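Asker: return atomic coordinates for the entry below.
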Amino acid sequence: FIFLNCINLFIQMSSVLSEYEAIHQELRREGFIRTDYPPSPEEVLWNKKVMTMKREELDKLKTFRLKRIVKWAWDHVEFYRRYWKSKGFEPDMIKDWRDVVKIPILRKDELRKDLSANPPFGTIFEPELAKRIRFVGATSGSTGLPTFQGWGALELDYFQEGQARYLWTFAQVKPGKVYANYLNMSGFYSWGPPVVETAMWRCGATAIAGGGETFFSWKNRHMLIFKLWKVDVFATTPWLHRLIGEEAKEQGWETPFKVLLLHGGAAAEKTKKKLFQVHPNAELAINVWGTTDGHMAIEVPGQEGQLVVWEDMEIFDIVDPKTDEPVSEGERGELIATLLNHFTMPLIRYSLGDYVKNEFITDPDPKFGITHMRFAEPIPGRVEWMFTVKGKLLFPIYVEDAVNDIPDTTGMYNIVVYDDKMDKLKIKIETKRSTVDSEYDKKAREIIARDLDLSPDDVDIEWLRPGQAVWTGYKLQVFLDQRKKK
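Answerer: Numbering: from 1, shown residues only. Model prediction:
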């Protein structure tokens, strides 16, 4: 009896691995993951067949892949089977990709409970594939226990494909070009060397893994690299982009960057204008939104604020964070995402926490003819970043636009949030002025009040010297949360 059980277990394990590998080969064989790289530099689109699929083909593909990942999770992943049963959901309820809203929403709290009870990964991993993880990423843990993501061969391959699509097509990362990655290179960060740099190699470019979190401790070394290597494409946060540009100007030289990739937080339009001023050789500044889980949406050049989503990779839906019900078209709500090709650690109807408008453009963009849907407006920030002043709903990105209108600032600031509903906007702002008189303070408060539709009396500014604003690694800590935790 024990022998038969062992045989059955072995067969089951072999079957799971075989199915996983078969799906991986299918994705490569059918061209969803390009394998003949780098392409000829004359090719405009990295993967024209997939990036210009007809809408009806995309709809059929999403339906097929949603059914497949839901069935996989039910059959092979204990966490989902248990969680969905408790919510009254079964896989046969999915008839079309639009039925994704029938699946119970999964939030980080549920993952953390499971992870704590079953470390290190919880029961959300397929057990056999968990033994074959090639890379482990993790959230920052800034709001609690970090959640981990495991990437197998298939997931890494497809994510690198998604990266290559925008790097080649939008940022012109091609043979002979130098790309510098100044995102976080430590702490289990998943957009580091194992993922992004390998996408560079697909494009045939030279990759520099700089590590934005080390800039402040090794500033002179990093500035020398930018001068010596003549970096073409530079990727980091909007704030570090500006800081580096300002530093180069003070040293009397111009940064060589042609393309600025803006990660880690949406860049306000006035921030972009400032970046072009301090990086005079830059021709493009592209917002890149993404998560450590493997989600991404990229601003299409020429379509300002419109971020394209690779629909063969994921499905988004948007809900009211108070009721979990889908919001109507044009309304704003919480972004929920389903990764269609993550089998090692499925993330199905998982809350990303971003606050977005439920409006997407599906007409092909006029420059590239890409048919995958685009957000109609930028992603302003996370739900927990929302706050109100005198009843006015605000996000850091709105405040940042106003700060950029104030003369003689570095663009660095920290918003002090002391309550969900505040009577005053308390903000710390760096100024280049050696002294701040009452007239300058008054004018600054008037500018912020005008841009945010507040009264100058509603704005309280603490002035900082350059370099005094709070950072976390390579990110400006725009949001200092002093609210009491409930």
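Asker: verify the stated contact: residue 175 with residue 40.
Answerer: No - in terms of Cβ atoms under 8 Å, residue 175 does not count as a neighbour of residue 40; the distance is 9.6 Å. All C-beta atoms are positioned from the backbone trio N, CA, C, and that covers glycine.
Asker: compare these two (neighbour count), which wins?
Answerer: Neighbours were counted for residue 175 and for residue 40 using other Cβ atoms under 10 Å; residue 175 has more, 12 against 7.
Asker: enumerate every residue touching that one.
Answerer: 38, 41, 203-205 (Cβ atoms under 8 Å, 6 or more residues apart in numbering).
Asker: in those residues, find the pair that's most separated.
Answerer: 41 and 205 (10.9 Å; Cβ to Cβ).
Asker: what do these two both touch?
Answerer: 174-175.
Asker: how about low-confidence regions in the stretch 101-250 of the chain?
Answerer: 139-145, 186-194 (pLDDT under 70).
Asker: so which residues of it form strands?
Answerer: 135-138, 148-151, 178-181, 206-209, 233-236 (DSSP state E, counting those that start in this stretch).
Asker: and among the ones you listed, the most buried is which?
Answerer: strand 233-236 (a mean of 26; mean count of other Cβ atoms under 10 Å).
Asker: which strands and helices sit next to it?
Answerer: Using 3 or more Cβ pairs under 8 Å, 6 or more residues apart in numbering; DSSP states H and E, the elements in contact with strand 233-236 are strand 178-181, strand 259-262.
Asker: each with direction, which strands does that strand pair with?
Answerer: Next to strand 233-236 in the sheet, as set by DSSP bridges, lie strand 178-181 (parallel), strand 259-262 (parallel).
Asker: now do the contacts for the closest residue to residue 201 other than its chain neighbours.
Answerer: Nearest residue to residue 201, sequence neighbours excluded (Cβ to Cβ, 6 or more residues apart in numbering): residue 207, at 6.9 Å. Going by Cβ under 8 Å, 6+ apart, residue 207 touches 179-181, 196-197, 200-201.
Asker: which of these sit farthest apart?
Answerer: 180 and 201 (14.6 Å).
Asker: anything in contact with each of residue 175 and residue 40?
Answerer: By Cβ under 8 Å, 6+ apart, no residue touches both residue 175 and residue 40.
Asker: returning to that earlier point: got a PyMOL select line for the buried ones in the contacts of residue 175?
Answerer: Filtering the contacts of residue 175 down to the buried ones (16 or more other Cβ atoms under 10 Å) takes a single PyMOL command:
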select buried, resi 38+203+204+205
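Asker: going by distance to residue 310, which of the contacts of residue 175 wins?
Answerer: residue 203 (16.3 Å).
Asker: that closest one touches residue 41, doesn't it?
Answerer: No - taking contacts as Cβ under 8 Å, residue 203 lies outside contact range of residue 41: 9.9 Å.
Asker: which neighbours do those two have in common?
Answerer: 174-175.
Asker: out of the contacts of residue 175, which is nearest to residue 90?
Answerer: residue 203 (42.8 Å).
Asker: so what's that closest one up against?
Answerer: With Cβ under 8 Å, 6+ apart, residue 203 has these contacts: 37-38, 46, 164, 167-168, 173-175, 177.
Asker: columns distance to residue 436 on top of those, output as JSON lines?
Answerer: Formatted as JSON lines, the contacts of residue 203 follow (distance: Cβ to Cβ, whole Å):
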{"residue": "37", "distance to residue 436": "54"}
{"residue": "38", "distance to residue 436": "52"}
{"residue": "46", "distance to residue 436": "49"}
{"residue": "164", "distance to residue 436": "48"}
{"residue": "167", "distance to residue 436": "43"}
{"residue": "168", "distance to residue 436": "47"}
{"residue": "173", "distance to residue 436": "43"}
{"residue": "174", "distance to residue 436": "47"}
{"residue": "175", "distance to residue 436": "50"}
{"residue": "177", "distance to residue 436": "43"}
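Asker: now those residues: which count as buried?
Answerer: 37-38, 46, 164, 167-168, 173-174, 177.
Asker: for those, give me TSV that also has distance to residue 415.
Answerer: Below are these laid out as TSV (distance: Cβ to Cβ, whole Å):
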residue	distance to residue 415
37	43
38	43
46	38
164	36
167	32
168	37
173	34
174	40
177	37
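Asker: now flag whichever of the residues you listed is closest to residue 399.
Answerer: Among those, and counting by Cβ to Cβ, the member closest to residue 399 is residue 167, at 30.8 Å.
Asker: any idea how far residue 85 is from the closest one?
Answerer: 42 Å (Cβ to Cβ, to the nearest Å).
Asker: ok, now residue 283?
Answerer: From residue 283 to residue 85 the distance is 54 Å (Cβ to Cβ).
Asker: residue 124 too?
Answerer: With Cβ to Cβ as the criterion, residue 124 and residue 85 are 15 Å apart.
Asker: neighbour count for the two, which is higher?
Answerer: residue 124 (27 against 11).
Asker: ramachandran coordinates for the residue lying closest to that one once chain neighbours are set aside?
Answerer: Spatial nearest neighbour of residue 124, excluding adjacent residues (Cβ to Cβ, 6+ apart): residue 79 at 4.1 Å. Taking degrees, to the nearest 10, you get phi -60, psi -50 for the backbone angles of residue 79.
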